[in-house]
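Asks: Just need the structure, nothing else, for what follows:
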Amino acid sequence: FFIVSTLFLTRFDGLPVNLPSSDTASPQPEATFTVTLREDGQVYLNREEIQIDALRAAIEQQMDPQEGAVVVLHGDEKADYGQVVKVMDEVRRIEGARLGMATRASDG
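Replies: All right, here's what the predicted structure looks like:
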């Protein structure tokens, strides 16, 4: 599994959240799937609400195993860290999926 620690995306397929800022973010490949984790703990896959326990199966069902997938997590900066880790664990269990963490460019 490959984890991109931070990335700055110009295309946004997730729901509106307050992304954390990063000084080291860099552009990465476009997302195949977007997972949004809101401040209130709600999780969305490509704008559709989903339970974390169903996330892995939903992505595996929709992805082409021959091509793999880039799954980008748009986590609100105030989201529960435990929830972030749960989402990351589910995505990292998917063979052929790469995980990216969306951030916004730092102001300074």
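Asks: residue contacts, the spatially most central residue of the chain?
Replies: Nearest to the mean C-alpha position of the chain, by CA atoms, centre = their mean, lies residue 73 at 1.3 Å. By CB atoms under 8 Å, 6 or more residues apart in numbering, residue 73 lies in contact with 35, 36, 37, 84, 87, 88, 91, 99, 100, 101, 102. Quick note: C-beta positions are derived from backbone N, CA and C, even for glycine.
Asks: likewise residue 69?
Replies: 32, 33, 59, 63, 94, 96, 97, 98.
Asks: any idea how far it lies from residue 44?
Replies: Distance, residue 69 to residue 44, by CB to CB, to the nearest Å: 16 Å.
Asks: Just name the shakiest helix or strand of the protein by mean pLDDT.
Replies: Lowest on mean pLDDT, DSSP states H and E among the helices and strands of the chain sits strand 2-8, with a mean of 42.
Asks: Show me what the helix or strand containing residue 73 pairs with in its sheet, parallel or antiparallel.
Replies: Following DSSP states H and E, one finds residue 73 within strand 69-75. For strand 69-75, the paired strands and their directions (DSSP bridges) read strand 33-37 (parallel), strand 97-105 (parallel).
Asks: what separates it from the chain centre, distance-wise?
Replies: 2 Å (CA atoms, centre = their mean, to the nearest Å).
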